[in-house]
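[1] Pasting a predicted model and its sequence here:
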Amino acid sequence: SRQEVSYFGAGPAPLPTSVVEAGANAFVNFNDAGLGLGEISHRSPTANKILNDAKANLSALLDIPDNYEILFMQAGGSGEFSAVVQNLVPVWIERRRRKAEADVRKAQPGAEQAEVDELVFQRLQKEIDEELKLDYLVTGSWSLKASQEASRLIGSKYVNVALDARKANGGKFGKIPAEDSWSLTPTKKEGGKGSAFVYFCDNETVDGVEFQQFPKSLEAQGQDAEDERLVVADMSSNFISRKVDVSKYAVIFGGAQKNIGVTGITIAIVRKDLLPPHTATPPPALLHRLDIGGLPGPIVLDYATIAKNNSLYNTLPIFNLWIAGQVMADLMAEFSAQKVSGQEEVANKKAQLIYGALDKFPQVYQVVPDVSVRSRMNICFRVSGGDDAKEKEFIAGAEKRLLQGLKGHRSVGGMRASNYNAVPFENVQKLVKYLEDFATAQ
Ligand code: PMP
């Protein structure tokens, strides 16, 4: 039964049992209306209420400022790898286009529109060629994938890998080198013009590496757009697990299937001034003519379109949204005034218990990432230095106690205990007991 199994999978991941049980009913006969949530229209009043409640709860949990849009999308975290490029590169282009147009008009006050357009086009083409940069901090396999998607979409010459954390760590992820070693595109204050955005993955699910705080060098350095770094963060695997100062970000995104709900919903929190009418997107005809691959991109990934339609541009999976909404509503009810800080305390405590047990037996367990970047969500470790037989023995012993999902990602091997929000405290205690029993029997 559910009560007997302790599941530590990395995603999809456990959900609160109360939500799963209520979900089973909601799938059959929601609110006694004779229809399930998989069957009702996404434009019905019921769906609208689910959508607005989910927004309100997320907004309250994370203290999301009014100048941000909450978008519910599909296509997962991977879809957002593409979406951020598709949406933020045009913002950069449009800012440059406006500047170029103003300059051209000043230099040639009597010029015809067609002439202005042509001069602007030529200048833009040159600026894109020479100055368009997307900064990526590569600290694990998901940020690596995101940077590869950016390269695939618009070309690797535009992608500046400002940090490849493997380089300073023997070719493997597991550390985040000091910020002064990163090579971010210089801002205006630093003698440059800044990048289109800086991308990082807040918690690397496969490698167990989590940023412990917002990087200092990504703070805005002034009011000028060229002094502000538009920060994009992938929070797929640590969403709503700690307090976040949303105002520091241009875009925060994450798939639901770890801390929030079931697969099929992706949340994007986007600063409104990056959307029209504040920053009009350049005309598609211009984007096509500029010929940067991947732009303007699929409309279902267009933030402006999704925002304008309150996430209902096309059919949104309302059942999946309801699950996410329930999880958020329950967190609000449980922690009330503390909001996400309440969940943060619990998450930290559970992680400390697991790391504590691992650290107690250094001969038997070796935590993979450096102590300075240990993830609270995905706890990666080796058994007996990665000895194959010992690791198999560890897994077999765990399975006997119904401790499941502890195998590390296939690309890195070893063990991974995922400690998402819905992993109950008792299950962590059971894991800790097993870690101690296994180690003392060695
Ligand atoms: N980012 C992170 C941090 C992830 O852990 C994952 C999935 N495990 C993804 C992105 C990709 O998400 P999806 O499978 O929803 O595309």
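    Everything's here; your move. Residues are numbered from 1 along each chain as shown.
[2] Out of the helices and strands in this structure, which is least certain?
    Across the helices and strands of the chain, mean confidence by mean pLDDT, DSSP states H and E is lowest for helix 284-290: a mean of 84.
[3] And the helix or strand that comes right after it, how far out from the chain middle?
    For helix 284-290, the succeeding helix or strand toward the C-terminus, using DSSP states H and E, is helix 303-308. Offset of helix 303-308 from its chain centre (Cα atoms, centre = their mean, to the nearest Å): 19 Å.
[4] What helix or strand is Asp135 located in?
    Secondary structure (DSSP H and E) places Asp135 in strand 134-138.
[5] hmm, I was thinking of Leu163
    Using DSSP H and E, Leu163 sits in strand 159-164.
[6] who does that strand pair up with?
    strand 134-138 (parallel) (DSSP bridges).
[7] average pLDDT for the helix or strand just after the strand it pairs with?
    Sequence order places helix 141-154 as the next helix or strand after strand 134-138, per DSSP H and E. The average pLDDT for helix 141-154 rounds to 97.
[8] buried sites along helix 141-154?
    141-147, 149-151, 153-154 (16 or more other Cβ atoms under 10 Å). For every residue, glycine as well, the C-beta is placed using N, CA and C.
[9] ok, which pair from those is furthest apart?
    Largest separation among those by Cβ to Cβ: Ser141 and Ile154, giving 21.3 Å.
[10] Does the helix ranked longest in the chain reach the ligand?
    If you go by DSSP state H, the chain has its longest helix at helix 76-107. Yes. Using Cβ under 6 Å from any ligand atom, helix 76-107 reaches the ligand at 76-78.
[11] Out of the residues you listed, which end up buried?
    76-77.
[12] In TSV: the residues of helix 76-107 next to the ligand, plus pLDDT and distance to Asn29.
    Shown next, in TSV, are these (pLDDT from 0 to 100; distance: Cβ to Cβ, whole Å):
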residue	pLDDT	distance to Asn29
Gly76	97	29
Gly77	98	32
Ser78	98	34
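[13] Now flag whichever of the residues of helix 76-107 next to the ligand is closest to Gln223.
    Among the residues of helix 76-107 next to the ligand, Gly77 lies closest to Gln223 (Cβ to Cβ), at 32.0 Å.
[14] right, and the closest one touches Thr266 too?
    Yes. Counting by Cβ atoms under 8 Å, Thr266 is a contact partner of Gly77 at 6.7 Å.
[15] number of nearby residues for Asn314?
    Neighbourhood size, Asn314 [other Cβ atoms under 10 Å]: 12.
[16] surely it meets Val300?
    Yes. Using Cβ under 8 Å, Asn314 makes contact with Val300 at a distance of 6.0 Å.
[17] Lovely, talk soon.
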